[in-house]
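Student: task: produce atomic coordinates for the following.
(chains A, B, C and D)
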Number of protein chains: 4
Amino acid sequence: MNDTVNVGIVGATGYTALELMKLLLRHPHVDIARITSRDESRPHLSEVHSTLRDRLNLNFEPLDVGSFADGLDYAFCCLPHAASAAVVGQLLDSGLKVIDFSADYRLNDVASFEHWYKVEHPDAERVGKVAYGIPELFRSDIRSASLVANPGCFPSSAIIPLAPLFKNGLVKSSPLIVDSKTGISGAGRKANLKFHYPECNESITAYGVGTHRHMPEIDQILNRFCGCETEAVFTPHLTPMDRGILSTIYLQNADGRTDDELMDCLNEFYRDEPFVRVTSQIPATKDVTGTNFCDMTVKSCRGMTIIVSALDNMVKGASGAAVQNLNAMHGFDETLGLM
Amino acid sequence: MNDTVNVGIVGATGYTALELMKLLLRHPHVDIARITSRDESRPHLSEVHSTLRDRLNLNFEPLDVGSFADGLDYAFCCLPHAASAAVVGQLLDSGLKVIDFSADYRLNDVASFEHWYKVEHPDAERVGKVAYGIPELFRSDIRSASLVANPGCFPSSAIIPLAPLFKNGLVKSSPLIVDSKTGISGAGRKANLKFHYPECNESITAYGVGTHRHMPEIDQILNRFCGCETEAVFTPHLTPMDRGILSTIYLQNADGRTDDELMDCLNEFYRDEPFVRVTSQIPATKDVTGTNFCDMTVKSCRGMTIIVSALDNMVKGASGAAVQNLNAMHGFDETLGLM
Amino acid sequence: MNDTVNVGIVGATGYTALELMKLLLRHPHVDIARITSRDESRPHLSEVHSTLRDRLNLNFEPLDVGSFADGLDYAFCCLPHAASAAVVGQLLDSGLKVIDFSADYRLNDVASFEHWYKVEHPDAERVGKVAYGIPELFRSDIRSASLVANPGCFPSSAIIPLAPLFKNGLVKSSPLIVDSKTGISGAGRKANLKFHYPECNESITAYGVGTHRHMPEIDQILNRFCGCETEAVFTPHLTPMDRGILSTIYLQNADGRTDDELMDCLNEFYRDEPFVRVTSQIPATKDVTGTNFCDMTVKSCRGMTIIVSALDNMVKGASGAAVQNLNAMHGFDETLGLM
Amino acid sequence: MNDTVNVGIVGATGYTALELMKLLLRHPHVDIARITSRDESRPHLSEVHSTLRDRLNLNFEPLDVGSFADGLDYAFCCLPHAASAAVVGQLLDSGLKVIDFSADYRLNDVASFEHWYKVEHPDAERVGKVAYGIPELFRSDIRSASLVANPGCFPSSAIIPLAPLFKNGLVKSSPLIVDSKTGISGAGRKANLKFHYPECNESITAYGVGTHRHMPEIDQILNRFCGCETEAVFTPHLTPMDRGILSTIYLQNADGRTDDELMDCLNEFYRDEPFVRVTSQIPATKDVTGTNFCDMTVKSCRGMTIIVSALDNMVKGASGAAVQNLNAMHGFDETLGLM
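Tutor: Numbering: from 1, shown residues only, chains lettered A, B, ... in the order given. Okay, the predicted model is just below:
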């Protein structure tokens, strides 16, 4: 079981790939064997991610789907949506297990995907049959999967606290308001005036109000796990910090349920989970920075139940979840590389 | 009318007093004549607020209520709650007009104050009879007042967009969720491990969840202006930036009302107000940093109406509002010192 | 004298132009009449600089040098180097007085310019004959000038403290080390991966080590004012903040000179200058943020004299200096719009 | 060799202790057995360092020097200067090996210590006989030591690049200017108005100009290793970021030496060192954040040699160095827990 697995990373110039490499370098049973980018000049990894200098000696190579699987066991696919589903099928066919960071396989049906992402799905037949990568909720699916859809960072911060509460009928499905605050690494590693330092430093704003694609993901995954029917109203906010997501979630408890019952439910559900911490204090993103934890608490106010959850968008919200999924898929202890 | 007014500032070592002095230094008809602090050493202003060196040549003096009014027309009172109401009466009696930054005169009744602030009110008989310092809503009260309660920073960010909508029956009173994000200057100028740079930098968290004293202020002032009965669920968040408040407000419109109708209502109501900007873009706090503007927009999502408003907690949320109130009280153009 | 002057801004989409407009909006005797950009779509100012919404009602227009001067008295030219000198001559010929933000007219000779800027100078004959825009040093030149070269932000932070010391023979010319730290607004308003928030937040680095173009500017302007011969070793550092420059300057005092003598010299030289503050405390950039002040102090250590100076790169380092220059050129009180 | 060692941490409420615990939790052969603080209430670790919740189950205990060694092999002493030397002797006597984070054992002689630290040394006889904890320079001393003086964060950033250059006679000893920029975690975890978020955010300043205690440390350790006689002029700057030190060092090369010779010297000297990276690019602190690396480069300018070095003040500047020292003392691979 504790043999070494060889992994490749498709689309490794971004921040999630960088974080993934940092985590995998600490994993005792993983070797990073191959990284790709569209840059034909085949730069050395350290020219793009200078913090990895002398830690990983690889050059970027263009993706050749035909030969990419040679010598590899797993692929992490860090391509944009639609671009990812255009290659995942071939990666699977060539014998790899795949963890896909894009949104391509997260939703339950192609129609939803095409409605929210405004693009034809390149691999429609797999949609709806792919394990969703929150091991705390879908562990057995993940363990037997050859393809795992790594979850969205915002949905993780909402679904992890909400799933046990809906599953146990402790909260009402409407209204469901998810007000999330994210660090700017979530915007990716690409020059854009919106994320130019003097534009977003010392400022907070909302974006994608009423239109963000993570709304159907929250609804459908909660439905998949709990059978509940929600219409999450989700508003993300761009916060002047590198990393971290804090979600403040407003809903109503089912009649007569107390905060204590909600806290007990979360504590019970996550008792043996190494990466979920239910706390009486209100979490701050700094409590989870650089870790794979999701922290959460519940408080009532004037008839509303308020959940505050925190995770690191780069770790539990992306690359840490991916490593946890790899561990689950391969039968490793899920905490390897993550503590 | 355009004579010079002489003002004194009681409790001038904090950030709101500093901002107030910066604004008043630009006011063509105001002289800052006197500043107080409890520090018996009577330091020079520039020893406490080094940015004001060579701009205002005053020493702090201890507050002597008996003689403070000599030569003054107005007092700005920047003391903590309860401490303020302990001196405001005497300041008024000595002939000053007073703008009070504390919460002491904002609520409608003493019982509410004592319930939320856990202290006996030192000047109970004035409570409920004081002008609330949002000139856009209570201008005629302010113009004839000798005492104005300067509003809370968070309540301003909620009340300004909500008042016209409730007044015109365009929104429902429940649920009303106000999710606010504030810069750290709101915590005041006092060493505290919570606001120690490495504790709150690169982190966002909620605080006062379910218990914040600005909830009754939002409800009562909306009620005073519109007659509506709300129970605002208000959650403030500590955001890693110096200044700015962004409030994301969730409620439901009255049946059949469109976003356009809500936007039209706001545009119409604030058409002639120099400090309210209704925009189609989502505001960012940086749009209003250092200004007395309150920016706002409205968007619908899945049956909820989402309002996003932005103001600078130090200006429109505190000292700018105070200067605007002074201008209104004295019959100056309200924009003096503020553009 | 206190008539209103009409000004136009050439190249008004950047941060220095934004700051300039904010300052001029407070100036009692200036009207901003015209702003240009290369964007042919002629957007409204508020679409580019949303903070100016409802404060200045102008559309950008393409620069038509032939007609730009109509109705104007002064032009502020905020174009990149070489682009600026390509139009300044025509602006002058059409009767405008010009304050140029670029480096084109700062150096003493064309050869230096072409060596350091690697481009042919488009208006070589004016070079060396233009007033350098530090009124504290070159006031009489500026008062009679039709063209003023607005100084570089880093050179200002070094030249202002150094000039009186060299002039009075209190310091030696070699070594002269200027270690400067700047906020990121200095990089301009243009998307670039280097200034992408997650790249430069929470990080400090040096750049242009040994090659920065502000070195000859420091040397030549000191020489112009004092006759000294220096070879400044200048290293700028990109600091994670919006604005501000702190320069730490290392040199040796002339034999036997004490700190007190150096401080006395600075105090004496700048006694009547409204925008220079010589302090016994070590200045911080926050002391001068949003102001036109340059703060400075001097301390000795182990045979070296250390000067620490602070200014706001957007104000005294750029747009505030430009307004001060306008005031000097037009005979206004130099502090108009700047206090 | 790869048995588990049990360690205790004396004074574990601060940031260096927190970082140390995070690192040791990843170390395969270390158990953290005991942590102390002066807080008599014996709080749980997670009440002080919430990020460690569920990762380390310990309560703080008051330091009882008599029994502290029971079951332990090593003590990390994170007390303030003078407080540390008051207990280190007893810890050694009780059989522990000690890594001391304070300045108490770094200098060569008691007189220097007492001059710079203004306090009597409580353990004078050990001073000057203690290994200085930069393994790259003093590895054999450290391997045989029972007490190691963990180096100062600023001195490390200067000594590591300078030592090989002085050792090989490539640079002159005077002038030596070290201009350092540090994140605010270096100020420790203690409320103080100077480090209150709104005071130091968006600002940079110098401190301890001409008086900082790290000057004699740089001189004496360079002398100990190279025999050179320097008088470092060292100026630290408080930079608005959590962590990281960038040092820009100015000196002169020995006659005729080129940058290439200096770079070759560094490359050669550090060729086999896992934690020193000599680069042609200018390092940024972000390249080393969260790592034990010290990055550096050399450039010439106008007769001066400029070295830029970067390290994480919490890791290579403090706790990472301490773990590396533990590894060296115990015969572990030095990279354990640090990659």
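
Student: and the stretch 51-200 of chain A, which residues reach chain D?
Tutor: Counting by Cβ under 8 Å from any Cβ of the partner chain, the residues of the stretch 51-200 of chain A close to chain D are A:51, A:53-55. Bear in mind the C-beta positions are built from the backbone N, C-alpha and C, glycine included.

Student: looks like residue A:72 contacts residue A:34 (just checking).
Tutor: Yes - Residue A:72 is in contact with residue A:34 according to Cβ atoms under 8 Å; the separation is 6.5 Å.

Student: quick check: domain ranges of chain A?
Tutor: If you go by automatic domain parsing, the domain ranges for chain A are A:5-151+A:317-330, A:153-312.

Student: now for residue A:165, how many residues are close by?
Tutor: The tally of other residues near residue A:165 (other Cβ atoms under 10 Å in any protein chain shown) stands at 26.

Student: over to residue A:328?
Tutor: Residues near residue A:328, counting by other Cβ under 10 Å, number 23.

Student: and residue A:67, that one's in a strand?
Tutor: No - in this structure, residue A:67 is coil, not part of a strand, as judged by DSSP: H, G, I helix; E, B strand; the rest coil.

Student: sorry, back to before: so residue A:72 and residue A:34 - more neighbours on which side?
Tutor: Using other Cβ under 10 Å, the more surrounded residue of residue A:72 and residue A:34 is residue A:34, with 23 against 19.

Student: who's that one bridged to?
Tutor: residue A:8 (DSSP bridges).

Student: likewise for the one 10 residues further on?
Tutor: According to DSSP bridges, the partner residues bridging residue A:44 are residue A:59.

Student: give the contact list for it.
Tutor: By Cβ atoms under 8 Å, 6 or more residues apart in numbering or on different chains, the contact set of residue A:44 is A:57-60.

Student: so how far is residue A:110 from residue A:128?
Tutor: Counting by Cβ to Cβ, to the nearest Å, the separation of residue A:128 from residue A:110 is 8 Å.

Student: er, residue A:188 actually
Tutor: Using Cβ to Cβ, residue A:188 is found at 25 Å from residue A:110.

Student: over to residue A:168?
Tutor: According to Cβ to Cβ, residue A:168 stands 32 Å off from residue A:110.

Student: please apply the same query to residue A:42.
Tutor: Counting by Cβ to Cβ, the gap from residue A:42 to residue A:110 is 36 Å.

Student: so which of these two has more stuff around it?
Tutor: Neighbour comparison, residue A:42 and residue A:110: the larger count goes to residue A:110, with 16 against 11 (by other Cβ under 10 Å).

Student: still on that earlier bit, of the contacts of residue A:44 - the most surrounded one?
Tutor: Most surrounded of these: other Cβ under 10 Å gives residue A:60, at 23 neighbours.

Student: who's in contact with the nearest residue to it once chain neighbours are set aside?
Tutor: Among residues not flanking residue A:60 along the chain, residue A:37 sits closest, at 4.2 Å (Cβ to Cβ, 6 or more residues apart in numbering or on different chains). Residues near residue A:37 by Cβ under 8 Å, 6+ apart: A:11-13, A:43, A:48, A:60-62.

Student: please enumerate the helices of the stretch 1-150 of chain A.
Tutor: Using DSSP state H, counting those that start in this stretch, the helices of the stretch 1-150 of chain A run over residues A:15-25, A:45-48, A:85-93, A:110-117, A:135-143.

Student: strands of the stretch 201-339 of chain A, start to end?
Tutor: Listed in chain order, the strands of the stretch 201-339 of chain A (DSSP state E, counting those that start in this stretch) span A:205-206, A:233-238, A:245-251, A:276-278, A:294-301, A:304-311.

Student: quick revisit: between residue A:72 and residue A:34, which contacts overlap?
Tutor: Residues touching both residue A:72 and residue A:34 comprise residue A:8, with contact defined as Cβ under 8 Å, 6+ apart.

Student: quick one: the closest residue to residue A:90 other than its chain neighbours from chain D, how far?
Tutor: Nearest residue to residue A:90, sequence neighbours excluded (Cβ to Cβ, 6+ apart): residue A:65, at 4.5 Å. As judged by Cβ to the nearest Cβ, to the nearest Å, residue A:65 and chain D stand 32 Å apart.

Student: just give me the neighbour total for residue A:65.
Tutor: The burial count for residue A:65: 16, using other Cβ under 10 Å.

Student: ok, it - contacts?
Tutor: By Cβ under 8 Å, 6+ apart, the contact set of residue A:65 is A:87, A:90-91, A:94.

Student: any idea how far it lies from residue B:256?
Tutor: 53 Å.

Student: equivalent analysis for residue A:57, please.
Tutor: For residue A:57, the distance to residue B:256 - Cβ to Cβ - is 65 Å.

Student: with residue A:64 instead?
Tutor: 58 Å.

Student: longest helix of chain A?
Tutor: In chain A, taking DSSP state H as the definition, the longest helix is helix A:153-167.

Student: next one: it to chain centre, how far?
Tutor: In terms of Cα atoms, centre = their mean, to the nearest Å, the centre of helix A:153-167 is set 12 Å apart from its chain centre.

Student: so does that helix get close to chain C?
Tutor: No - counting by Cβ under 8 Å from any Cβ, chain C is not contacted by helix A:153-167; separation bottoms out at 14.2 Å.

Student: redo the strands of the stretch 201-339 of chain A as TSV? Include mean pLDDT and distance to residue D:237.
Tutor: Output for these, formatted as TSV (pLDDT from 0 to 100; distance: least, Cβ to Cβ, whole Å):
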stretch	mean pLDDT	distance to residue D:237
strand A:205-206	98	31
strand A:233-238	98	29
strand A:245-251	98	31
strand A:276-278	98	37
strand A:294-301	96	34
strand A:304-311	97	32
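
Student: quick one: which of these is nearest residue B:290?
Tutor: strand A:205-206 (16.5 Å; Cβ to Cβ).

Student: residue contacts, residue A:240?
Tutor: Here residue A:240 is in contact with A:184, A:200-204, B:239-241, C:197, C:201 (criterion: Cβ under 8 Å, 6+ apart).

Student: swap in residue A:152?
Tutor: Contacts of residue A:152 (Cβ under 8 Å, 6+ apart): A:103, A:106, A:214, A:217, A:317.

Student: tell me the one of the contacts of residue A:240 nearest chain D?
Tutor: Nearest to chain D among the contacts of residue A:240 is residue A:202, at 6.6 Å by Cβ to the nearest Cβ.

Student: how close does that closest one get to residue B:179?
Tutor: Between residue A:202 and residue B:179 the computed distance is 20 Å (Cβ to Cβ).

Student: with neighbour numbers in mind, choose between these two.
Tutor: Remark: of residue A:202 and residue B:179, residue B:179 carries more neighbours, 26 against 23, as counted by other Cβ under 10 Å.

Student: who touches the helix or strand encompassing that one?
Tutor: Per DSSP states H and E: residue B:179 is located in strand B:177-182. Outside strand B:177-182, the residues that touch it by Cβ under 8 Å, 6+ apart are A:177, A:179, A:181, A:204, A:237, A:239, A:248, A:250, A:304, B:153-154, B:157-158, B:204, B:218, B:232-239, B:244-251, B:285, B:313.

Student: give me the pLDDT for residue A:90.
Tutor: Per-residue pLDDT puts residue A:90 at 97.

Student: burial measure for it, as a count.
Tutor: 14.

Student: how about residue A:12?
Tutor: A count of nearby residues for residue A:12, using other Cβ under 10 Å, gives 24.

Student: swap in the one 4 residues further on?
Tutor: Around residue A:16 sit 26 other residues, with neighbours defined as other Cβ under 10 Å.
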